[in-house]
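Peer 1: Next one to model:
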Amino acid sequence: RPRIRPSPSERLDLRQARAVPALADLHAWLLSMQRTVAIGSGTGKAIEHSLKRWNALVRYADSGILPIDNNPVENAIRPIAIGKKNWLFAGSERAGRRAAVIQSLFATAKLNGLDPARWLAETLEKLPTCPNSRIDSLLPFSDSTLA
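Peer 2: Numbers count the residues shown, from 1 in each chain. Predicted structure coming up:
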């Protein structure tokens, strides 16, 4: 069966062969455009922003382990950002904090490949008989939950 994702060393080789030359071209283009675009314009600000953060932007190309983007994090916080207006009136600050904890647990369950609703149902079922010393085993990132 073919592997969908390359190994870290294969990914590094691919990045060195493909990304590094493309990034060098992009850097040269940004520098040339910087001289021709108005500094205060939207394009000028975008170019300046990219050049100021260039080292961080290209760091992934020197590693086969670093992700090229932070999409998993963005996807995890999207529901919170979308629901922000709805949760503004959660009833109280304490209620808002509880909602944030639940959202964090659901996002963690998703990131660990669990169905959040199923994880919650199973956890609530186990909770009454779970000793305090084993409460951590119910969390969506514990080894016993993922097994």
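
Peer 1: quick one, helices of the chain?
Peer 2: 8-14, 20-34, 42-52, 54-58, 71-87, 93-111, 116-126, 143-146 (DSSP state H).

Peer 1: packing partners for the shortest one?
Peer 2: Put plainly, it is helix 143-146. With contacts taken as 3 or more Cβ pairs under 8 Å, 6 or more residues apart in numbering; DSSP states H and E, helix 143-146 sits against no other helix or strand. Backbone N, C-alpha and C define where each C-beta goes, glycine included.

Peer 1: pLDDT (mean, whole number) over that helix?
Peer 2: For helix 143-146, mean pLDDT is 76.

Peer 1: quick one: contacts of that helix?
Peer 2: Helix 143-146 is contacted from outside by 112-114, 119, 137-139, using Cβ atoms under 8 Å, 6 or more residues apart in numbering.

Peer 1: of all the residues you listed, which two lie farthest apart?
Peer 2: Using Cβ to Cβ, the two most remote members of the contacts of helix 143-146 are Gly113 and Ser137, lying 17.3 Å apart.

Peer 1: So for these two, which residue has more residues nearby?
Peer 2: Between Gly113 and Ser137, Ser137 has the larger neighbour count (other Cβ atoms under 10 Å), namely 14 against 8.

Peer 1: since we're on the closest residue to that one other than its chain neighbours, how many residues are nearby?
Peer 2: Once flanking residues are discounted, Ser137 sits nearest to Ser144: 4.4 Å by Cβ to Cβ, 6 or more residues apart in numbering. Using other Cβ under 10 Å, Ser144 is surrounded by 10 other residues.
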